[in-house]
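# Let me see the structure of the following:
(one chain, ligands or ions: 1)
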Amino acid sequence: MAILEVSQLRQHFYLNPGILARMLSGKRTGVIKAVDGVNFQMEPGEILGLAGESGCGKSTLSLAVAKLREPTSGAILYKGKDLSEMNRAELKDYRRQVQLIFQDPYESLNPRFTVFDLVAEPLRALDMGDRHEIRERVIRTLELVGIRPDEYLERYPHQMSGGERQRVGIAQAMVLEPELVIADEPLSMLDVSIRAGILDLIRDLSERLHFSCIYISHDLSILSNISDRLMIMYLGRIMELGKSRDVISDPLHPYAQALISAVPIPDPAYRRPTPKIHGEVSQPIDPPPGCRFQNRCLEVMDVCKKDEPELKEIKDGHFGACHLYSSTKST
Ligand code: SF4
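Numbers count the residues shown, from 1 in each chain. A predicted model of the protein is given here:
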């Protein structure tokens with residue numbers, strides 16, 4: 001059974017300029033369609049890479065999955081159970097089983113807490129064990145993420161490096177033994193020299209502890225390294241979804257092709273192909289009918305301006321939302 005099933009998920013934000021401003025400007029209320037009809041599933045133990053430019057909806061989607069924001073419509077099923085139908089006890093359990101690793105280890109850790117208190121806090125909040133059990137569990141988890149308890153247990157966040165702080169942030173998520181982890185750009189605030197170590201740690205933990213992971217990044221070289229499958233979003237919609245190696249080696253959607261052609265290659269002799277794309281990212285406010293990528297696509301056709309392409313299976317397990325392909329199977 002899929003651990004997570006997201007269907008027709010929408011997260012819209014309504015822009016209301018107020019009565020006076022509306023009367024003066026004549027503007028009507030707009031809608032930001034941050035997530036607009038997203039469907040996907042995740043298998044237990046899978047790492048799903050979620051890519052796209054800023055504003056594509058990847059973080060909004062993750063907040064809805066973590067139940068930190070109520071979606072406008074659609075359904076999120078966790079092990080077959082709809083989140084909107086969970087009772088209080090089931091929701092409490094869901095909040096334990098789904099944990100986040102944050103982008104900024106400088107902001108996400110309370111500066112007045114020691115490492116011990118930071119990692120013990122989720123256990124205390126959920127009343128998981130007595131003092132002795134909590135201490136044991138904190139020590140075990142710190143060892144798991146490569147932090148020496150004897151040296152760091154009483155330290156404060158300002159007494160650690162960025163990489164050590166991110167390891168403590170990961171320990172906060174791991175101490176609850178989650179089944180689904182959402183890692184929202186966990187490397188973006190770290191020095192390049194320590195990114196590989198944190199990436200290896202997350203991959204190693206997912207294998208040892210068998211949790212599923214939604215790994216969000218705009219960096220496709222990182223995602224191709226860690227993810228089993230890749231999902232590429234643009235203006236609130238999924239443009240492409242498939243096994244990482246298939247998406248990277250044979251991208252189908254013009255947007256995915258442009259993103260992948262922009263991945264840095266450490267070879268000065270390499271001649272980068274010109275990305276088949278033009279213009280800037282559009283805003284997700286009241287998008288026009290048809291394909292959301294039409295203004296930037298060099299292969300745009302008449303049908304693209306009228307009909308929004310559905311996400312369909314184009315090759316085995318490889319999905320794309322583009323009128324250049326015809327297929328019968330959709331997600
Ligand atoms: Fe380009 Fe049309 Fe495909 Fe959209 S549907 S990506 S506009 S070809």
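
# residues contacting the most centrally placed residue in the chain?
Nearest residue to the geometric centre of the chain (CA atoms, centre = their mean): I216, 3.5 Å. Neighbour list for I216: L50, A51, K58, S59, S62, I182, A183, D184, E185 [criterion: CB atoms under 8 Å, 6 or more residues apart in numbering]. (C-beta placed from N, C-alpha, C; glycine too.)

# Can you report how many residues neighbour the fourth one?
If I follow you right, that is S59. For S59, the neighbour count with other CB atoms under 10 Å is 19.

# how about the helices in the stretch 1-150 of the chain?
In the stretch 1-150 of the chain, the helices defined using DSSP state H, counting those that start in this stretch lie at 19-25, 58-65, 88-97, 115-125, 131-144, 149-152.

# Just give me the closest of the contacts of I216 to the ligand.
Taking CB to the nearest ligand atom as the measure, the ligand lies nearest A51 of these, at 16.1 Å.

# doesn't R229 make contact with that closest one?
No: with contact defined as CB atoms under 8 Å, A51 does not count as touching R229 (11.1 Å).

# Looking at those two, which is more packed in?
Neighbour totals were compared for A51 and R229, and A51 leads with 27 against 23 (other CB under 10 Å).

# Just list whatever residues bridge to the more buried one.
Counting by DSSP bridges, A51 forms beta bridges with I232.

# how much space between it and I232?
In this view, A51 and I232 are 5 Å apart by CB to CB, to the nearest Å.

# Show me the contact partners of stretch 74-89.
Contacts to stretch 74-89, defined as CB under 8 Å, 6+ apart, come from residues 1-10, 37-38, 64-65, 67, 90-91, 94, 97-98, 180.

# which of the residues in it are buried?
Neighbour counts over stretch 74-89 (16 or more other CB atoms under 10 Å) mark G74, I76, L77, Y78, L83 as buried.

# and it, what's its mean pLDDT?
Stretch 74-89 carries an average pLDDT of 96.

# Using CSV, list the CA coordinates for stretch 287-294.
Taking Å, rounded to 0.1, in the frame of the first residue of the first chain, the C-alpha atoms of stretch 287-294 are listed here in CSV:
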residue,chain,number,x,y,z
PRO,A,287,-3.2,31.8,-14.7
PRO,A,288,-4.6,31.9,-18.3
PRO,A,289,-6.4,28.9,-19.8
GLY,A,290,-4.2,26.1,-21.2
CYS,A,291,-0.7,25.1,-20.4
ARG,A,292,1.0,27.1,-17.6
PHE,A,293,4.3,27.0,-19.4
GLN,A,294,3.0,28.4,-22.7
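
# mean confidence score for it?
Here the average pLDDT along stretch 287-294 is 89.

# so does that stretch get close to the ligand?
Yes: against the ligand, stretch 287-294 shows contacts by CB under 6 Å from any ligand atom at C291, F293, Q294.

# Identify the residue spatially nearest to the first one, adjacent ones excluded.
What it means is C291. Distance criterion CB to CB, 6 or more residues apart in numbering; nearest residue to C291, sequence neighbours excluded, is C304 at 4.4 Å.

# got the residue ranges for the strands in the stretch 201-331 of the chain?
212-216, 229-234, 237-243, 312-315, 318-320 (DSSP state E, counting those that start in this stretch).

# Just put these in CSV and tack on distance to the ligand and mean pLDDT.
Formatted as CSV, the strands of the stretch 201-331 of the chain follow (distance: least, CB to the nearest ligand atom, whole Å; pLDDT from 0 to 100):
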stretch, distance to the ligand, mean pLDDT
strand 212-216, 23, 97
strand 229-234, 9, 96
strand 237-243, 8, 97
strand 312-315, 11, 95
strand 318-320, 8, 97
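
# With distance to I285 added, can I get those in CSV?
CSV is the format used below for the strands of the stretch 201-331 of the chain (distance: least, CB to CB, whole Å):
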stretch, distance to I285
strand 212-216, 22
strand 229-234, 15
strand 237-243, 15
strand 312-315, 27
strand 318-320, 25
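
# quick one: low-confidence parts of the protein?
Along the chain, segments meeting pLDDT under 70 span 17-29, 264-275, 281, 326-331.
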